[in-house]
Each structure stands twice: as C-alpha cells, then as structure tokens.
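the amino acid sequence is not available; the structure is as follows:
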C-alpha cells in the first residue's frame with residue numbers, strides 16, 4: 001500500500017516562500033510520476049504541478065509558472081514544491097499525488113494515490 005505524507009505548510013505573508021515536502025512509502029518511488037494539487041473549500045481540486053519519474057520533465061498550472069518549482073529526490077522517496085512570491089489566492093490545502101507509470105519522461109495530471117494534505121495560508 002502506497003502512502004504519501006505531506007509537510008511544510010503554514011502561514012506566510014504575501015510575497016513570502018514555503019517549501020512543501022512529500023515522503024512516499026510502500027512503493028518504489030522511482031516508478032511513480034509525482035504531482036501536487038490544491039483545493040479550497042467549495043471548489044474542485046486543482047492541478048498545480050507534475051514531475052516525471054526521472055525528474056527531467058515537469059509541468060505547471062499557468063498561475064504558478066515562474067513562482068513554483070517541483071523537484072524530487074528519488075534516493076529519499078521525496079517530492080518537493082518550492083513556492084515563491086506567494087499570493088493570497090495561493091491559499092489552499094495542498095495535496096501530494098502519485099501514479100505508477102511506465103514512461104520515465106512523462107508528466108501526468110491524473111493520479112491514483114493521494115496524501116492527506118497540508119494547509120497553506122497566505123495573508124495579505
């Protein structure tokens with residue numbers, strides 16, 4: 001059973017930075033494409049970023065391009081989301097996601113496994 005655990009959320013002022021981490025257990029981390037999503041109450045979960053198994057390729061939702069960076073350390077079974085120049089509209093619960101996938105260089109927006117989420121609040 002694959003389990004994902006996020007950490008690093010918190011309260012930050014607009015313009016500040018946070019780094020989210022997600023540790024994966026119960027599977028072979030390098031076999032999984034990883035992603036980050038976010039959700040605010042009353043809205044659907046929104047794609048934020050995805051990174052390929054190799055870490056070579058990534059993709060982002062338009063509103064976070066140039067501000068957020070997804071990365072991974074396969075040796076530590078960990079994926080990160082570095083968030084800079086945070087805005088109040090980035091406030092949400094952020095979820096880590098994983099999907100076992102054959103292609104090494106693919107990114108995805110559809111995932112099978114999810115973490116419990118970590119709250120990010122950006123004050124104005």
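Looks like it arrived, so ask away. Note that the structure is predicted; figures quoted are calculated from it, not measured.

in this protein, which spans are strands?
For the chain, the strands defined by DSSP state E cover 3-7, 10-13, 18-25, 32-39, 46-51, 58-60, 68-73, 78-83, 92-100, 113-114, 118-123.

most tightly surrounded among the ones you listed?
Looking across the strands of the chain with neighbours counted as mean count of other C-beta atoms under 10 Å, the highest average goes to strand 32-39: a mean of 25. Backbone N, C-alpha and C define where each C-beta goes, glycine included.

with distance to residue 106 and mean pLDDT as extra columns, can I get the strands of the chain in a markdown table?
What follows is the strands of the chain, written out as a markdown table (distance: least, C-beta to C-beta, whole Å; pLDDT from 0 to 100):
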| stretch | distance to residue 106 | mean pLDDT |
| --- | --- | --- |
| strand 3-7 | 19 | 97 |
| strand 10-13 | 32 | 98 |
| strand 18-25 | 18 | 98 |
| strand 32-39 | 6 | 98 |
| strand 46-51 | 9 | 98 |
| strand 58-60 | 10 | 97 |
| strand 68-73 | 14 | 98 |
| strand 78-83 | 15 | 98 |
| strand 92-100 | 10 | 97 |
| strand 113-114 | 16 | 98 |
| strand 118-123 | 26 | 98 |
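
kindly reformat the ones you listed as CSV containing distance to residue 107.
Output for the strands of the chain, formatted as CSV (distance: least, C-beta to C-beta, whole Å):
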stretch, distance to residue 107
strand 3-7, 17
strand 10-13, 27
strand 18-25, 16
strand 32-39, 6
strand 46-51, 4
strand 58-60, 5
strand 68-73, 9
strand 78-83, 12
strand 92-100, 10
strand 113-114, 16
strand 118-123, 22
